[in-house]
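Peer 1: Just to be clear, the model below is a prediction. Sequence and coordinates:
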Amino acid sequence: MLTLALIGLIGGLVTGISPCILPVLPVIFFSGGTQSARTTEPAAGGVAVATKPASRARPYLVIAGLVVSFSLVTLFGSLLLSILGLPQDVLRWAGIVVLVLIGIGLIVPRFEQLLEKPFTWIPQRNPDASRGGFTLGLALGAVYVPCAGPVLAAITVAGSTGRIGVETVVLTLTFALGAAIPLLVFALAGRRVSERVQAFRKRQRGIRITAGVVMIALAIGLVFNLPQLLQRAIPDYTASLQDKVNNSEQVKRALNLGGLVNDQNKDLDKCSDGAPELESCGTAPDLTDIQQWVNSQPLELKALQGKVVMVDFWAYSCINCQRSIPHVVAWDKAYRDAGFQVIGVHSPEYAFEKEPANVEAAAKNFGITYPVALDNNLGTWTNYRNRYWPAHYLIDASGTVRHIKFGEGDYQVTEKLIRQLLNDAKPGVQLPAATELQDDTPVVADITRETYLGSTKRVNFAGTEEYTSGEKSFQFPAKQDPDSFALAGDWKLDTQSITPIGASGQIKLNYRAKEVRMVLSGKGTVTIQDYGKTTTIQVDGTPNSYQLISTPTIQGGSLTATVSAGVQAFSFTFG
């Protein structure tokens, strides 16, 4: 339980300093901080100076309200909306309304008093807007919920089951507390600035009006999703921290939370992986929290009833997906006119795979013309309780999941079931001949497993040095085990990739495969030495998969890759 609490706290702290908090900061600074400052005003006659009373507890009340509201909305919001039969985006629109009300309250103090008066629990003869911080925090918590990352996205799904356990509550509360701590620091900073900067002391009214206008403008921007454009324009300076938290094994176990079963996906367990015949596994879960669509306008599964649908989870740098995609593309081309609809759900494994331009370029290179949904927050991934790249979910014309296949292979079985579902949907439909592409799926036991190089995801490291983030020096070990890698030279280790310090660095890889590929980015060269043969690869651009070795059959080998300065190495993949 302590580990779970630490995961929530650290995840919240990272979120609390990330770019996604920017829309909340003006309210925290102006309403949470400056209104708790001690200010001075001319007394009667304009001679003496009287100190205006201030609610020094206001920043803490605002943050306390935010934590309470954030937790309640996250845990129970989806469940309540389902019970009431309301759409899930009601909370988003409620948040926008809250922003407008806050903005009006900043401009018109009397309006703010009216808003906070019903919730002022401590009896007062003359309600003061500066004392209603807890109410403001409650409102901000609802606005702040969309700022949650993968940890809270998973908790939201758990909350929708209506069976919230102690672990879920602990994770949510600690995440909310962690996210609120940086905001409290910002609120206290606002109070300090207001007390010490003369311009703030003299222009309190003007500052409130400015803040109100900013909040109303933000609300309008939310309607048109402008904050998302702002966040894409600002470098995500917390990306490495988020990846370190979200990709750790402890967090992955925490995200499970008993399987994250909800009303939509509770029957998926009735399907067995790769069953040779059709099964019935409940209504297909919704495609949720999609950031953007490629090759299509937004789609909903309910609107596709009457068609046979395949939901294909993939990531563009995943070699397993790369071997699977030609089959999916071929099925799309062969059966689209017969009522078959493929939806590719791109659920990123790496941070760079979240970039829409990278996904669009990859889709074009793979010949993908079917709709692709960018599931950057893993919302749909979580709603399907998925854990694999690739993963295929076949849905019949009535919207029921009939087949699930995790990973590569069994393409003939999948195609047979697609044809069967198309015939069931339209008896007598004329179908083309089966595609019958060659199945190049390797036997996993015969090849080296995917080898990550980043400090938090690395596997198969054979060196004796400490493999943690930072600048480190390495030497090849005297003896290196099969299916492993080692480093030589000076390297900078990041959470997802490694980069040589100086002119170059070397990686020695012992492998079993008929194809070895490497995910690389940046600008420079990688020189491969394998059995006396030397090959140089030019690297230029965003992360992509480069072929190092290709042989007719699976064989054991050992190669040395010399990576030049300016090149980032992410992983080795094997086929």
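Peer 2: Structure's in. What do you need?
Peer 1: Any idea how far the top strand by length along the chain is from the middle of the chain?
Peer 2: In the chain, ranked by residue count with DSSP state E as the criterion, the top strand is strand 533-564. Chain-centre distance of strand 533-564: 30 Å, with C-alpha atoms, centre = their mean, to the nearest Å.
Peer 1: How about stretch 447-467?
Peer 2: That offset, for stretch 447-467, works out to 24 Å (C-alpha atoms, centre = their mean).
Peer 1: Can you point out the buried residues in it?
Peer 2: For stretch 447-467, burial by neighbour count (16 or more other C-beta atoms under 10 Å) applies to 447-448, 450-458, 460-463, 467. Glycine gets a C-beta too; all of them are placed from N, C-alpha and C.
Peer 1: Distance of G556 relative to F485?
Peer 2: 14 Å (C-beta to C-beta, to the nearest Å).
Peer 1: okay, those two: which has more neighbours?
Peer 2: Using other C-beta atoms under 10 Å as the criterion, G556 and F485 rank with F485 on top: 23 against 11.
Peer 1: I549 contacts R512, correct?
Peer 2: No - under the criterion of C-beta atoms under 8 Å, I549 makes no contact with R512, lying 11.2 Å away.
Peer 1: Pull up the overlap in contacts between those two.
Peer 2: Common neighbours of I549 and R512 (criterion: C-beta atoms under 8 Å, 6 or more residues apart in numbering): G557.
Peer 1: could you pull out the strands for the stretch 351-500 of the chain?
Peer 2: For the stretch 351-500 of the chain, the strands defined by DSSP state E, counting those that start in this stretch occupy 372-374, 391-395, 401-406, 451-452, 470-474, 484-493, 498-500.
Peer 1: In the buried residues of stretch 447-467, which has the lowest confidence score?
Peer 2: In terms of pLDDT, K457 ranks lowest among the buried residues of stretch 447-467, with 61.
Peer 1: which residues does the residue nearest to D273 when sequence neighbours are not counted bridge with?
Peer 2: For D273, ignoring the flanking residues on the chain, the nearest one in space by C-beta to C-beta, 6 or more residues apart in numbering is F406 at 5.0 Å. Counting by DSSP bridges, F406 is bridged to A391.
Peer 1: Give me the neighbour count for F406.
Peer 2: Neighbours around F406, by other C-beta under 10 Å: 16.
Peer 1: Please renumber the chain so that the first residue is 174 from this point on.
Peer 2: From this message on, residue numbering opens at 174, which makes the last subject F579.
Peer 1: so who does it touch?
Peer 2: F579 makes contacts with D446, G447, R560, Y561, A564, as judged by C-beta under 8 Å, 6+ apart.
Peer 1: returning to what we had before: show me which of I722 and R685 is the more surrounded one.
Peer 2: Taking other C-beta under 10 Å, I722 and R685 do not tie; I722 has more neighbours (22 against 18).
Peer 1: list the contacts for that one?
Peer 2: Y684, A686, E688, V689, I701, D703, G730, L732.
Peer 1: that's a helix at the second one, yeah?
Peer 2: If I follow you right, that is A686. No - membership of A686 in a helix is not supported by DSSP: H, G, I helix; E, B strand; the rest coil, which gives strand.
Peer 1: In space, what's closest to it - neighbours in sequence excluded?
Peer 2: Nearest residue to A686, sequence neighbours excluded (C-beta to C-beta, 6+ apart): F747, at 3.8 Å.
Peer 1: Surely the one you found and D656 touch.
Peer 2: No - look at F747 against D656 with C-beta under 8 Å: they stay out of range, at 9.3 Å.
Peer 1: just to revisit the earlier point, compare the contacts of F579 and tell me which is most surrounded.
Peer 2: Ranking the contacts of F579 using other C-beta under 10 Å puts A564 first, with 22 neighbours.
Peer 1: Return the residues in contact with it.
Peer 2: D485, F486, Y557, I577, K578, F579, G580.
Peer 1: now the helices for the stretch 524-673 of the chain?
Peer 2: 529-538, 552-556, 584-598 (DSSP state H, counting those that start in this stretch).
Peer 1: host element of F745?
Peer 2: Assigned by DSSP states H and E, F745 belongs to strand 740-747.
Peer 1: D597 touches L567, doesn't it?
Peer 2: No - using C-beta under 8 Å, D597 makes no contact with L567, being 11.6 Å away.
Peer 1: For these two, indicate the residue with more neighbours.
Peer 2: L567 (26 against 15).
Peer 1: That concludes my questions; thank you for your assistance.
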